[in-house]
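Q: build me a model:
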Amino acid sequence: MPVQAIQRFLKLQSASGILLMIAAAAALICANVPGIDRFYKALLDIPIEIRLGALELNKNFLLIVNDGLMAVFFLLVGLEIKREIMDGELSDRRQVTLPAIAAVGGVAIPALIYFFFTQEDPVGRSGWAIPAATDIAFSLGILSLLGSRVPLALKVFLTAVAVVDDLGAIIIIALFYTSKLSITALVLGVLGMVVLAILNRLRVTHLGMYMLVGVLIWVCVLKSGVHATLAGVALGFAIPLRAEDDEGHSPLRHLEHMLHPYVAYLILPLFAFVNSGVSFRGIGADVLFGPVTLGIAGGLLIGKTVGVFGFSALAVVTKVADLPTGTSWGSLFGVSILTGVGFTMSLFIGMLAFEGAQPDYAVATRLGVFGGSILAALIGLGVLRVSLPKEGAAGETEG
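A: The predicted structure follows:
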């Protein structure tokens, strides 16, 4: 492929979502083709050991991606959330009210639908948060396929809902998906966060200082029993948005800009590849149409739609918030369906929820996430195609 073609592809807003889909499809092929499946499993099980004196980290390749590289993804999430709160869509109270209310519905209703399907399964119930997440890269990538027909306010609404969703997912992971705690390691991790806060208060802008402390916090949090990716979020929140000595320089924006291509085009596709390999051999109707699969798929497709659109409509009707400028009820409904594209965060929460459980739960999680996300993407895109003004009409409206 010519270099120019690659550059044009990477400039597409939907490029990262396309790569995620390719990585997931490749994983499914590797897991189901005889011969290749053994190499795929062997890749995931490759042992990787890091030793520094008495400190030892012994993980396989799968856990290095999920516990290590995904910490970088959560660092980027932390940076994006802080930027949006301080200087973006979430900094204006009038703009944040509707997405915040919508996000509450987008967490509560999917969880209730999931509980409805899994109420008889005590292990399955622990996955209640899986359908509560929105994949911001996928959903915005799908929305970008409609080009200039999409009003800016609708893009802002979807972005804000996804950001609040991410913040909610981070809180859920910290509160509900934490294993047995090592108090010593946890205290050391908290002390590291205090050091980050001091660096921020002293207006230190050298990113190397933050990265060094961040790595130490990651090790402590990893050993503490709290999921190590939360160290990335803490580090992201500590990076200064602005430098006092140079009005044009933003350490946060610089780091965000630097990390984005690595996360979008390497880390997330790699995460999708190592976590999406579902072998369909021996899968029966009890898994394919089981409570976990249906609970996740139903939560993503129906729960997110009902929650986001229903809570938004209630807020608008009661005058608590306004309908985004230039949007119709139909386009808001279409975007609400798109919030059911969970993928990355849903797979991640599923991995935490069923860690140590029987393999059937991991298979059901992937089937539910794939099924619900694909249906939400296709139906949401279809609704938006019908409800949004045509290209010429959109241009006239803007003019």
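Q: neighbours of residue 88, just the number please.
A: The local packing of residue 88 (other C-beta atoms under 10 Å) involves 18 other residues. Quick note: C-beta positions are derived from backbone N, CA and C, even for glycine.
Q: report pLDDT for it.
A: Here, the pLDDT recorded for residue 88 equals 73.
Q: how near is it to residue 130?
A: 27 Å (C-beta to C-beta, to the nearest Å).
Q: swap in residue 56?
A: As judged by C-beta to C-beta, residue 56 and residue 130 stand 32 Å apart.
Q: of these two, who's got more company?
A: residue 130 (30 against 9).
Q: quick one: residues contacting residue 254.
A: Contacts of residue 254 were listed using C-beta atoms under 8 Å, 6 or more residues apart in numbering, and they are residue 207.
Q: start the count at 323, not 1, going forward
A: Shifting the count to begin at 323 puts that one at residue 576.
Q: in the chain, which helix is the longest?
A: Of all segments of type helix in the chain, defined using DSSP state H, the longest is helix 681-709.
Q: tell me what that one is packed against?
A: Using 3 or more C-beta pairs under 8 Å, 6 or more residues apart in numbering; DSSP states H and E, the elements in contact with helix 681-709 are helix 458-466, helix 607-610, helix 613-620, helix 651-660, helix 665-675.
Q: next SSE after the third one?
A: Counting by DSSP states H and E, the next helix or strand C-terminal to helix 613-620 is helix 626-639.
Q: what's that following helix in contact with?
A: 419-420, 423-432, 453, 456, 483, 642-645, 651, 654-655, 657-659, 661-662, 664, 698.
Q: for this protein, what spans make up the strands?
A: Under the criterion DSSP state E, the chain contains strands at 369-374, 377-382.
Q: who's in contact with residue 697?
A: For residue 697, the contacting residues are 619, 622, 623, 662, by C-beta under 8 Å, 6+ apart.
Q: mind giving me a markdown table with those residues and columns for distance to residue 536?
A: Output for the contacts of residue 697, formatted as a markdown table (distance: C-beta to C-beta, whole Å):
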| residue | distance to residue 536 |
| --- | --- |
| 619 | 36 |
| 622 | 32 |
| 623 | 37 |
| 662 | 33 |
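Q: before we move on, the earlier item: deepest of the helices and strands packed on helix 681-709, which one?
A: Among these, ranked by average contacts under mean count of other C-beta atoms under 10 Å, first place goes to helix 613-620 (a mean of 26).
Q: how far off helix 681-709 does that helix point, in degrees?
A: Inter-element angle recorded for helix 613-620 and helix 681-709: 20 degrees (by axes from the mean of the first three to the mean of the last three C-alpha atoms, to 10 degrees).
Q: quick one: mean pLDDT for helix 613-620?
A: For helix 613-620, the per-residue pLDDT averages 95.
Q: how about low-confidence regions in the stretch 423-572 of the chain?
A: Residue ranges of the stretch 423-572 of the chain with pLDDT under 70: 501-502, 566-570.
Q: mind listing the helices for it?
A: Under the criterion DSSP state H, counting those that start in this stretch, the stretch 423-572 of the chain contains helices at 458-466, 474-498, 505-523, 529-546, 552-560.
Q: so for residue 572, which of those helices sits nearest?
A: Nearest to residue 572 among these is helix 529-546; the distance by C-beta to C-beta comes to 11.3 Å.
Q: one step back: worst mean pLDDT among the strands of the chain?
A: strand 377-382 - the lowest mean pLDDT of the strands of the chain, at a mean of 76.
Q: quick one: strands adjacent to that strand?
A: When pairing is defined by DSSP bridges, strand 377-382 lines up against strand 369-374 (antiparallel).
Q: other residues contacting the strand it pairs with?
A: 378, 379, 380, 381, 382, 383, 386.
Q: now swap in stretch 579-586 and tell me
A: 332, 337, 338, 341, 394, 395, 397, 398, 401, 459.
Q: quick check: closest non-adjacent residue to the fourth one.
A: By that I understand residue 341. Nearest residue to residue 341 in three dimensions, chain neighbours excluded: residue 591, at 4.6 Å (C-beta to C-beta, 6 or more residues apart in numbering).
Q: any idea how many residues pack against the one you found?
A: 21.
Q: go ahead and confirm it touches residue 345.
A: Yes. Between residue 591 and residue 345 there is a contact at 4.0 Å, judged by C-beta atoms under 8 Å.
Q: including distance to residue 583, could the helices of the stretch 423-572 of the chain go into a markdown table?
A: As requested, the helices of the stretch 423-572 of the chain are arranged in a markdown table below (distance: least, C-beta to C-beta, whole Å):
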| stretch | distance to residue 583 |
| --- | --- |
| helix 458-466 | 12 |
| helix 474-498 | 19 |
| helix 505-523 | 25 |
| helix 529-546 | 17 |
| helix 552-560 | 17 |
